[in-house]
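A.B. asks: from the sequence below, what's the structure:
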Amino acid sequence: MHPTQRLYKYLFLSLVTALISCNSNSNKVDFSSQIKPILNNKCITCHGGVKKSGEFSLLFKEDAFAVTASGKPSIIPGDANGSEFIKRLKTDDPELRMPYEKPPLTTVEIELLTQWVEQGAEWGQHWAYTLPEKVTVPAMTEQAGIIDFETAPFLQNDIDRFILTKLAADTLSPNPPAEPHVLLRRLALDLTGLPPSNTLFSSFVSGKTTYEEAVDTLLAQSAFGEKWASWWLDLARYADTKGYEKDKGRHIWRYRDWVIKAFNNDMPFDQFTTEQLAGDLLPEPVDQLIATAFHRNTMNNDEGGTEDEEFRVASVLDRVNTTFSVWQSTTMECVQCHSHTYDPFKQEEYYKAMAFFNNTRDEDTPDDSPTLRFYTDAQEQQKEEIITWVRTHGTQEEARNYADFLSFLEPKYLAHNATDFINGELADTKYLALWDDGSCVLKNVDTQGASAMYLYYRGFMEGTTITIRKNNANGAILSRFKVGNTKRNIVAKIPFEPLQEMVDLYFEADNNAIAPQVSTSHITWLAFLKDIPGKNSPGYEKINTLFLNLLNTRTPTVPIMIENKANMARTTQVFERGNWLMLTDTVAPGTPQILNNFDDSWPKNRLGLSKWLVSKENPLTARTMVNRVWHQIFGRGIVASLEDMGTQSDPPSHPALLDYLALKFMHEHHWGMKALIKEMVMSGTYRQSSIATPELYQKDPNNELYARGPRVRLTAEQIRDQALAISGLLSKKMYGPGVMPPQPDGVWQSVYSNESWVESKGEDAYRRAIYTYLKRTSPYPSFITFDAGSREVCTIRRTVTNTPLQALVTLNDPVYLEAAYALAQSVQHHDITIGISKAYEKATLSKLDEEELRVLNELYEQAYHEFSDASNQDTVFMGLDQKVTPKLAALTVVANAIMNLDEFLTKA
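C.D. replies: Numbers count the residues shown, from 1 in each chain. The predicted model follows:
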C-alpha cells in the first residue's frame, strides 16, 4: 500500500472511532420497515386494493381492524393468540393456512407479525408519507480534535458525515480524492454537460483556481441550463411532434427555451413548479403562460374518426399521472381503476386529483388550441392600442378579457361539440360541416349578451345561407348570414341578437345550387365577447377593424394551459373501473388524505394544487427532487427506485441524509437548485476517486455506500455534445426551433403530410443535442441507441444499456466521423506521436500511458499504410469533396478510435 494511502486509511479509522453511534437497541417492531414489507409481499395480493377476500384488507388501517366476513375483526391489537390473522399463519391445515395455496411465511416473519400484534398492532405510516423531522448531523467527540482535516480531505461538508457513518458501520474507508484533471472533467460534465474550457482546466490543474471557484464558474455558464433542462425535458415528455399515428409537428420549442432560462436564472423550484402547473392562474402572466406548456406536451391524436373527448380525457389522466410521478414519486396511475394495491391511495382520490386538471380549455384539436400568439412589434402596438381603448371606455375586467382573447383566443366554443346532425356531419370528427338543408345543435352556449359572434370557418362555395336559431328549428332567429368561398380559414364578425341567458344554438344551412352531401363550409369555433365599449366615441370603428385584423393575423404560437371560466366549468366524476364512458360519483378537487392537508386559503384549482405540492408540509416533493438530483450527480438515487417512494420502493440507503437534504433544500436553500447541486458536488463523497478495488467492488458493486466516486456512462446528449466540443465544431447558439443534424436517409416516413427531415446547414448542424428535433414516432437514431426516449410519456429514469449498436453509432455516424476529422485536423501539424497524444488529451483530459500510445501508434501506421496504397488514391474519404492526405486520414481513424474509448464515453 502506498504510504499516502496508508496514512489516509489510518486517519479515516481515527475518524470512525470518533463518530457517535446513533443506533437504537429498541426491540419494538417497526410497522413501516418490518411489517409493511411482509404484508405487501405476502398478503395484499388477496387482501388489498384489488381484492378483499373475506372482507379483510390490509391496505388501510380502518379495514385491517374492521369486522370481517366472519363477524369479528381478524386482528385484535394486544392479543395475538386471539387474532385469526395470526392463527391462520400458524395452522397446519392447508385449507385454513394463509397465504392460501402459496408457500407459508418463514418462522421469522410469523414471529415478527405475532410480536407486532402483541405489542398493540401499531399501524404507523410509511416513512415517505411522514414529514421529514429535524435531522442531527452525525457529530464528532472531543477526541476528534487530534485529526488533521487538511490531511484527511474526505470530510468537506455535512453530507460526508452521513456517508462516513454508514461506511464505518460496514467497516469501509472512502477512496482518496480523484486526480484534479479527472475531478474537473467529472464536475464540468455534471454541471454543464460539456468538458471544461482550456482556460478553466489549466487554471484549476495548476492550482490557481480553487475547487469551489471552479464549481461557481461552471454553475454560472449558460451551458448549465442546457444540461439540466435536458434532464427536466424527460420528465416533461417534451417533443417537437404530437405523437400517435399522424405525429405531426408541434411548435412548442419556446417551452424548452423557458426551461433552459429558468435553470440558468436559478428560479426557485417552488416557483418553477407553480409556473409550469398554473402559470395562467397567476396575476398578469406573460412568460408564465409559456411555462404551462409543461402539461401541453401531452400527445394529441389528429387521426380522422377519433373521438376528441376520449383523447382529451387521456391527456388529463396523463397530467395527473405525470404530476404525481414528477413531484411525488408516486405511481398514481395505479389508482385510475381501483384503490392502490400497495399504497394508501383510494380510487376516489385519483379523480379528486383529476378534477384539478379537468377544467382546462384544450380539447385534442388539430391546432393545439389554446395557443399563445406571438405578435411582431408593430402588431403588439396595435394590440396595446385596443386594450387601452377598452380600459379607457370600459372596465379593467373587459380590458383583461380582450387582452386574453388577442393573446390566446379564449374563451371560445369548439364546433366539434355539435350534435344532432341532419344532412351534415362532424367532418373528420372535428369540423361542423352542413350540407344543403342541413342542421345541428351546439348546446349550452353563453353569448355574454354580445351583439356579434366571432366565427372561425372556411367556406367552400358561394351562395350558402346559414341561420342560427334559439334552441331548435322553431326558435327565434339569432343570426343569419351569407357564406362564400373564403379560400382559407378566416375569423368573421357576424351580427347576433343579444341574449342574457344560456342557450342552445340551432344551425341551419341552405344552398340549393349544390349536390347532396356536399359540405358548404367547415366551422371550427365561435366566440362571444361583450361589445367593445365606447361605441359613440371617435375612432371606435378603427378599433373594431384593428381587432378583427389581429384575429386574422397568422402568428407563431405555443400551446398553453388556460382554465375554463365559471360558465364553462366541467364537473368531474369517478370512472367505474377506469372507463371514461362509465361515470359514477361526482367529486370536487382534492388531494390524497395520507399526505399533507390542503389549506382552505388555497384556490381549488391548479394554482392551489401547486401550492400543496411545494408546501413545506408536503413530505414527498423535496425528498423527490433531492433524490432525483442526487441520481443525476452520483448515478443512483438515495432511494434507488426513482419512480416510486411508496411501500414497494427500495428503502433509502441513507434515510437521514435524504431528510437532511430535503429540509435544507426547503428551509436554507429556499428551493434553490444551484445551491442544492453545489452542496452535493462540494462534498468529499463526490470528489473521491472512482477507482474500485476488486474487494470493494465485490462488497458494494452498485456503490450504494459511496466508498468511491461516481462512474457512469454519459447520456446520449452528452456523448454527442462532447464529441462536437473537443473537435471544435460545437455551436454556442442557443434557443429557437429544433434543428436537424445528419441522420440516415429513410428514417422518417410521414405518410399524412409533406414533413421530412431537412438536414440543417451551417452552425445549426453542430448545435447542442437539446435542440435536436424530436419526432415521437421516429426519434433521432443515435439518441435512441444510447437510451434516450421517445418522450411519449414522462420518463423518470432512462434505462442504461450496453449494446453493439452503440459502438456502430460512434464508429460510423456522420456526426462522430466529422468530429473525428476535425479533431485530427487540429493536431495534424504535430509530430505523429505528439499529435496522437494531444488528441487523446483533448478528448479525455488525461495523459496517454506508454501502452495506450503504442496501440494508437500501431493503429495509425496500419491506417496510414492503407491510405497510402496506390489503389486507394481515388477513394472518397468520408464523403468529402477535397482530397485528404494519408496522414490526415489515418489521424482521423485514430481520433475516431479515441472517441470510442471508455475514458471518453464515461464520467469517471
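A.B. asks: checking the residue nearest to E333 when sequence neighbours are not counted next. Helix, strand or coil?
C.D. replies: Once flanking residues are discounted, E333 sits nearest to N321: 4.3 Å by CB to CB, 6 or more residues apart in numbering. Every C-beta, even on glycine, is put in place using the N, C-alpha and C of the backbone. With DSSP: H, G, I helix; E, B strand; the rest coil as the basis, N321 sits in helix.
A.B. asks: hang on, isn't N321 packed against I796?
C.D. replies: No: N321 lies out of contact with I796 (CB atoms under 8 Å); the separation is 11.2 Å.
A.B. asks: looking at the two, which is more packed in?
C.D. replies: A count of neighbours by other CB atoms under 10 Å puts N321 above the other of N321 and I796, at 22 against 19.
A.B. asks: tell me which other helices or strands the helix or strand where V855 lies touches.
C.D. replies: Here V855 sits within helix 850-868, counting by DSSP states H and E. For helix 850-868, the packing partners by 3 or more CB pairs under 8 Å, 6 or more residues apart in numbering; DSSP states H and E come out as helix 832-844, helix 886-898.
A.B. asks: out of these, deepest packed?
C.D. replies: Of these, the one with the most neighbours on average (mean count of other CB atoms under 10 Å) is helix 886-898, at a mean of 23.
A.B. asks: who's in contact with I490?
C.D. replies: Shown in contact with I490 (CB atoms under 8 Å, 6 or more residues apart in numbering): 456-458, 552.
A.B. asks: meant to ask about V758, not that
C.D. replies: Listed by CB under 8 Å, 6+ apart, the contact set of V758 reads M740.
A.B. asks: measure it to P742 for me?
C.D. replies: 11 Å (CB to CB, to the nearest Å).
A.B. asks: kindly report the same for F575.
C.D. replies: Distance from F575 to P742, by CB to CB: 46 Å.
A.B. asks: ok, those two, which is more surrounded?
C.D. replies: Neighbour totals were compared for F575 and P742, and F575 leads with 20 against 15 (other CB under 10 Å).
A.B. asks: so the more buried one bridges to which residues?
C.D. replies: Beta-bridge partners recorded for F575 (DSSP bridges): L583.
A.B. asks: that one contacts M582, doesn't it?
C.D. replies: Yes: under the criterion of CB under 8 Å, F575 makes contact with M582 at 6.1 Å.
A.B. asks: now do the same end-to-end measure for stretch 790-807.
C.D. replies: Using CA to CA, to the nearest Å, the gap from the first to the last residue of stretch 790-807 comes to 21 Å.
A.B. asks: now the strands for the stretch 551-700 of the chain?
C.D. replies: If DSSP state E, counting those that start in this stretch is used as the criterion, the strands of the stretch 551-700 of the chain fall at 557-559, 572-575, 583-587.
A.B. asks: can I get those in a markdown table including mean pLDDT and distance to L859?
C.D. replies: Shown next, in a markdown table, are those (pLDDT from 0 to 100; distance: least, CB to CB, whole Å):
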| stretch | mean pLDDT | distance to L859 |
| --- | --- | --- |
| strand 557-559 | 98 | 49 |
| strand 572-575 | 96 | 62 |
| strand 583-587 | 96 | 67 |
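A.B. asks: related to what we said a few turns ago, can you list contacts of the helix holding V855?
C.D. replies: Applying CB under 8 Å, 6+ apart, the external contacts of helix 850-868 come out as 832-833, 836-837, 840, 848, 872, 877, 886-887, 889-891, 893-894, 897-898.
A.B. asks: 7 Å instead?
C.D. replies: Defining contact as CB atoms under 7 Å, 6 or more residues apart in numbering, one finds that helix 850-868 is touched by 832-833, 836-837, 872, 886-887, 889-891, 893-894, 897.
A.B. asks: what's near enough to touch the residue most central in space within the chain?
C.D. replies: Nearest to the geometric centre of the chain sits L235, at 1.4 Å (CA atoms, centre = their mean). By CB under 7 Å, 6+ apart, the residues touching L235 are 326, 794, 796.
A.B. asks: how about CSV for those residues, with secondary structure added?
C.D. replies: Listed next are the contacts of L235 as CSV, based on three-state DSSP:
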residue, secondary structure
V326, helix
C794, coil
I796, coil
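A.B. asks: show me which of these is closest to N471.
C.D. replies: Of all the contacts of L235, C794 has the smallest distance to N471: 44.4 Å, by CB to CB.
A.B. asks: what's near enough to touch the closest one?
C.D. replies: Counted by CB under 7 Å, 6+ apart, C794 has contacts 235, 237, 322, 325-326.
A.B. asks: what does the model give it for pLDDT?
C.D. replies: Predicted confidence (pLDDT) at C794: the value is 96.
A.B. asks: ok, it to F294 distance?
C.D. replies: Taking CB to CB as the measure, C794 falls 10 Å from F294.
A.B. asks: what does L729 give?
C.D. replies: From L729 over to F294 the distance is 32 Å, taken as CB to CB.
A.B. asks: of the two, which one has the most company?
C.D. replies: Comparing L729 with F294 by other CB under 10 Å, the one with more neighbours is F294, at 29 against 17.
A.B. asks: isn't the more buried one up against A236?
C.D. replies: Yes: F294 is within contact range of A236, at 5.2 Å (criterion: CB atoms under 7 Å).
A.B. asks: mutual contacts of the two, please.
C.D. replies: With CB under 7 Å, 6+ apart as the test, F294 and A236 reach no residue in common.
A.B. asks: and which of the contacts of helix 850-868 is nearest N605?
C.D. replies: Taking CB to CB as the measure, N605 lies nearest A897 of those, at 57.5 Å.
A.B. asks: what's the longest strand in this protein?
C.D. replies: Selection of the longest strand in the chain by residue count, based on DSSP state E, yields strand 431-446.
A.B. asks: what's next to stretch 876-894, contact-wise?
C.D. replies: Residues from elsewhere that reach stretch 876-894 (CB under 7 Å, 6+ apart): 817, 820-821, 824-825, 827-828, 835-836, 839, 856, 859-860, 863-864, 867-868.
A.B. asks: sorry, slip of the keys, the one I care about is stretch 111-119.
C.D. replies: Stretch 111-119 is touched from outside by 28-29, 31, 34-35, 38, 75, 77-78, 80, 83, 85-86, 89, with contacts defined as CB under 7 Å, 6+ apart.
A.B. asks: do me a favour and get the end-to-end distance for stretch 839-853?
C.D. replies: Termini of stretch 839-853 sit 11 Å apart (CA to CA).
A.B. asks: again with stretch 838-857
C.D. replies: End-to-end distance for stretch 838-857, by CA to CA: 13 Å.
A.B. asks: and that stretch, how far out from the chain's middle?
C.D. replies: 39 Å (CA atoms, centre = their mean, to the nearest Å).
A.B. asks: just give me the neighbour total for the spatially closest residue to M502 that is not a sequence neighbour.
C.D. replies: Nearest residue to M502, sequence neighbours excluded (CB to CB, 6+ apart): D446, at 5.4 Å. Residues near D446, counting by other CB under 10 Å, number 18.
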